[in-house]
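S.K.: kindly return the folded structure for what I paste below:
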Amino acid sequence: MPSPTTVLKRLVVGRPFRSDQLTHQLLPKRIALPIFASDPLSSVAYATQEIILVLALGGVAFLHLTPYVGLGVVVLLLVVVLSYRQVVQAYPSGGGSYEVASRNLGRGAGLVVAGALLVDYIMTVAVSVASGVDNIISAVPELNPYRVLINIVFLLVLTAMNLRGVRESGRAFAVPTYAFVVGVLVMVVVGLARTLAGHAPVAESAGWQIRPEQVGLSGLALAFLVLRAFSSGCTALTGAEAISNGVPAFRKPKGLNAARTMSVMGALSIVMFSGITLLALITHVRVTDNTCDLIGYPGDCANGAQRTVIAQIAAAVFGGDHSVLFFYMQTTTALILILAANTAFNGFPLLCSILAQDSYLPRQLRTRGDRLTYSNGIIALALIAALLIYAFEGSTTRLIQLYIVGVFTSFTLAQAGMVRHWNRALRDAETSQRPRLHRARFINAFGACFTGVVLVVVLITKFTHGAYLVVIAVPVLFAVMLAIRRHYLRVREELAPDDASKLLPSRVHALVLVSMVNKPALRALAFARATRPDTLTAITLNISEAETLELRRQWEKLGMHVPLKVLESPYREMTRPLVNYVKNLRRESPRDIVSVYIPEYVVGRWWENVLHNQSALRLKGRLLFEPGVMVTSVPWQLRSSARRDLEHTAPQPGDIRRGLP
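M.R.: This is a model prediction of the structure:
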């Protein structure tokens, strides 16, 4: 019978896949879109709200600037989509911005991009889940006290779904994603049709006033407010680069399919964002950071939760907050916002795997788990995101301030790298190809300048609101990745074969640890003798005089032909006397090898491990640090170990990678 943990794992994750089934996990475009584009598609649900929240700091009068800020976001989104269409076709191996920057701008730029993307993916999970829970609470305000718990539960569900595999998570996420897209498009069409018919929808907050936190804004102060609103609205671009990191998951032709998926994602995002922004103006939506700044708010402003912009628009367009279509919009919005974290759950492990292959992250992150997913990366992402959600109490407004800095760092460096890529291509291009290459270079150059300016704006406007944490985190990650690579290179150099490693040891001294004359000790002696060492000595520690005398008596009675060496231990220590004895042997002849044989019990029950082998574990842990010392465990199977059916053991982690059935 499999263990309870194995049964639970199979229920959550599913049966393991063979390595040769990896090709069956490749994605068609209709599945790849919800997997890799759910984040930018879902961002339209809160991008408009973030613009209004910032402009509302100056009062209702400044909300008329919303369409101009929204137009800037649309232009930026269009530029980024066009730029990354070229990235996925030029670099289809899946490194995305990291690979582009590393190849064209050098290792340092590549690591900056990698650090920025890792931070951004973590923030994507935290913000997406928190924003989805916000929409659930908009429909059911009574759940507000349980905000953090609901966030963690959804995060656990997402983790389990992603551990099941890419195709499985894609199928699960496809329906909510397409349902949200259809819902938003229907809402926009119905809202605009009602407006053209002379019955414009009106939001529940349309009659409320806003108590401005900033009064008399003009000149530079007004410009700063608009730029801050623009930087908040740029959250609509989050996750736009995920397709470039996931190109290997597409079916062939990978680059072309990824580029087409990028185009569909860009078109849908632009249409939905523009429609929601336009409806927000038509319905006169009012939202603020502080609920008590809303003059006319009917509830308890200190404890009540405002409805999100998309919730207010849906209620206005579909005839109230009790209509079926309102709940449809809230349900699909909450689902896609939560499932948008799936973009990061696919991008983060892939990027970690590439960085691990380049020795910048621990190598455990580059291997696939039972379901051919990078399960270690998925689990690491979930743990870090859960800590963030807990630390920031599941507040979207607080979490989002740490957002998008990493996005535009990677955007800018990737586009600059593509410019150098096209410069090299132009040097060897034929005349017929040069116009296309010049056009591609112009798109990426314009994209690099545009996103570079946005990066500066985002840093300035969000720095004191939490972005400084990202500015600190990226250099820290940069330093950690360099340190990990230096460690791996140092170990590789240290382990490289040389002339000394080919020399045979002059002699081998075998030491067998004996605490009493029993079957395990005799088996260890027999095994040591079978290896034909130059010297063979049985070692015991004199912790109890009576026990040592009894051991000597039994040793002589059995006529053992192996000398028994008694090491004095006046302080009743097990480890230090033996280690000192081994060191003395090595000191006398450094070219000699000391092989220590330790009898160990093999047990069948977990609690029996607590009762046995503790001294052996301590000795092995200490002897392994001694150069020129080999430690050999000699097992003795107790009867309880026979309960373990070795012919029917459950699959263990890593069996698939090792080719085991």
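
S.K.: quick check: Leu522 vs Leu513, distance?
M.R.: Per CB to CB, to the nearest Å, Leu522 is found 13 Å from Leu513. (Each C-beta comes from the backbone N, C-alpha and C, glycine too.)

S.K.: the two: who's more crowded?
M.R.: Using other CB atoms under 10 Å, the more surrounded residue of Leu522 and Leu513 is Leu513, with 20 against 16.

S.K.: can you pull the contacts of the residue sitting nearest the centre point of the chain?
M.R.: By CA atoms, centre = their mean, the chain has its centre lying nearest to Leu381, at 3.1 Å. Counting by CB atoms under 8 Å, 6 or more residues apart in numbering, Leu381 touches 121-122, 125, 344-345, 348-349.

S.K.: same thing but at 10 Å, please
M.R.: 118, 121-122, 124-125, 155, 158-159, 162, 341, 344-345, 347-349, 352, 374 (CB atoms under 10 Å, 6 or more residues apart in numbering).

S.K.: mind checking which of the residues you listed are buried?
M.R.: Among those, those that count as buried by neighbour count (16 or more other CB atoms under 10 Å) are 118, 121-122, 124-125, 155, 158-159, 162, 341, 344-345, 347-349, 352, 374.

S.K.: okay but Ile313 is in contact with Val44, surely?
M.R.: No: between Ile313 and Val44 there is no contact under CB atoms under 10 Å: 11.7 Å.

S.K.: let me know the next secondary structure element after the helix ranked longest in the chain.
M.R.: The single longest helix within the chain, with elements called by DSSP state H, is helix 107-139. Tracing the chain past helix 107-139, the next element assigned as helix or strand by DSSP states H and E is helix 147-163.

S.K.: quick one: buried residues of that next one?
M.R.: Under 16+ other CB under 10 Å, the buried positions of helix 147-163 are 147-148, 150-152, 154-155, 158-163.

S.K.: swap in stretch 247-267?
M.R.: In stretch 247-267, counting by 16+ other CB under 10 Å, buried: 247, 249-250, 254-255, 257-262, 264-266.

S.K.: what's the closest of those residues to Gly233?
M.R.: For those, the closest approach to Gly233 (CB to CB) belongs to Gly266, at 16.1 Å.

S.K.: residues in contact with that closest one?
M.R.: Counting by CB under 10 Å, 6+ apart, Gly266 has contacts 37, 40, 77-82, 84-85, 240.

S.K.: rerun at 6 Å
M.R.: Val81 (CB atoms under 6 Å, 6 or more residues apart in numbering).

S.K.: could you do Ala356 as well?
M.R.: Ala356 is in contact with 363, 365-366, counting by CB under 6 Å, 6+ apart.

S.K.: just the residues you listed: which are in strands?
M.R.: Taking DSSP state E, every one of the contacts of Ala356 sits outside strands.

S.K.: between these, which is nearest Ala546?
M.R.: Distance to Ala546 across those (CB to CB) is lowest for Arg363, with 51.1 Å.

S.K.: give me the pLDDT for the closest one.
M.R.: Per-residue pLDDT puts Arg363 at 85.

S.K.: what's the pLDDT at the nearest residue to it once chain neighbours are set aside?
M.R.: Among residues not flanking Arg363 along the chain, Ala356 sits closest, at 5.3 Å (CB to CB, 6 or more residues apart in numbering). Note on Ala356: pLDDT of 89.

S.K.: and for Leu381?
M.R.: Per-residue pLDDT puts Leu381 at 91.

S.K.: give the helix, strand or coil label for it.
M.R.: At Leu381 the chain is in helix, as set by DSSP: H, G, I helix; E, B strand; the rest coil.

S.K.: the one 5 residues further on now?
M.R.: Local secondary structure at Ala386 is given as helix here, using three-state DSSP.

S.K.: dump stretch 259-276 to PDB, keeping only the CA atoms.
M.R.: Provided in PDB are the C-alpha atoms of stretch 259-276 (Å, rounded to 0.1, in the frame of the first residue of the first chain):
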ATOM      1  CA  ALA A 259       4.200  36.000 -32.600                       C
ATOM      2  CA  ARG A 260       0.600  35.400 -33.600                       C
ATOM      3  CA  THR A 261      -0.400  34.800 -30.000                       C
ATOM      4  CA  MET A 262       1.300  38.000 -29.100                       C
ATOM      5  CA  SER A 263      -0.700  39.900 -31.700                       C
ATOM      6  CA  VAL A 264      -4.000  38.500 -30.500                       C
ATOM      7  CA  MET A 265      -3.100  39.300 -26.900                       C
ATOM      8  CA  GLY A 266      -2.200  42.900 -27.900                       C
ATOM      9  CA  ALA A 267      -5.300  43.500 -29.900                       C
ATOM     10  CA  LEU A 268      -7.600  42.100 -27.200                       C
ATOM     11  CA  SER A 269      -5.900  44.100 -24.400                       C
ATOM     12  CA  ILE A 270      -6.100  47.400 -26.300                       C
ATOM     13  CA  VAL A 271      -9.700  47.000 -27.200                       C
ATOM     14  CA  MET A 272     -10.800  45.900 -23.700                       C
ATOM     15  CA  PHE A 273      -8.700  48.600 -21.900                       C
ATOM     16  CA  SER A 274     -10.000  51.300 -24.200                       C
ATOM     17  CA  GLY A 275     -13.600  50.200 -23.800                       C
ATOM     18  CA  ILE A 276     -13.400  50.000 -20.000                       C
END
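
S.K.: show me what contacts Val602?
M.R.: With CB under 6 Å, 6+ apart, Val602 has these contacts: 635, 637, 641.

S.K.: burial of the last one, as a residue count?
M.R.: With neighbours defined by other CB under 10 Å, the count for Ser641 comes to 16.

S.K.: helices and strands around whatever helix or strand Ile35 lives in, which ones?
M.R.: Taking DSSP H and E as the definition, Ile35 sits inside helix 29-55. With contacts defined as 3 or more CB pairs under 6 Å, 6 or more residues apart in numbering; DSSP states H and E, helix 29-55 has these neighbours: helix 166-196, helix 220-233, helix 254-283, helix 309-317, helix 324-339, helix 341-357.

S.K.: including distance to Asn303, could those go into JSON lines?
M.R.: Shown next, in JSON lines, are the helices and strands packed on helix 29-55 (distance: least, CB to CB, whole Å):
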{"stretch": "helix 166-196", "distance to Asn303": "30"}
{"stretch": "helix 220-233", "distance to Asn303": "25"}
{"stretch": "helix 254-283", "distance to Asn303": "26"}
{"stretch": "helix 309-317", "distance to Asn303": "18"}
{"stretch": "helix 324-339", "distance to Asn303": "21"}
{"stretch": "helix 341-357", "distance to Asn303": "28"}
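
S.K.: closest one to Thr48 among these?
M.R.: Closest to Thr48 of the helices and strands packed on helix 29-55 is helix 254-283 (CB to CB; 4.7 Å).

S.K.: after that closest one, next one along is what?
M.R.: Next along the chain after helix 254-283, with elements defined by DSSP H and E, is strand 294-295.

S.K.: what mean pLDDT does that following strand have?
M.R.: Mean pLDDT, strand 294-295: 83.

S.K.: tell me which residues are up against that strand.
M.R.: Residues contacting strand 294-295 (CB under 6 Å, 6+ apart): 208-209, 211, 288.

S.K.: equivalent analysis for stretch 182-193, please.
M.R.: Here stretch 182-193 makes contact (CB under 6 Å, 6+ apart) with 201, 272, 275, 279, 317, 329, 332.

S.K.: let me know the closest of the residues you listed to Val419.
M.R.: Nearest member of the contacts of stretch 182-193 to Val419, counting by CB to CB, is Met272, at 30.7 Å.

S.K.: ok, that closest one touching Ser42?
M.R.: No: assessed by CB atoms under 6 Å, Met272 is found out of contact with Ser42, at 9.7 Å.

S.K.: picking that back up, could you point out which element follows the helix holding Ile35?
M.R.: The first helix or strand that comes after helix 29-55 along the chain, using DSSP H and E, is helix 66-90.

S.K.: quick one: buried residues of that next one?
M.R.: 66, 69-70, 72-74, 76-77, 79-90.

S.K.: which of the helices and strands packed on helix 29-55 sits closest to Val112?
M.R.: Short answer: helix 341-357, nearest of the helices and strands packed on helix 29-55 by CB to CB, at 12.7 Å.
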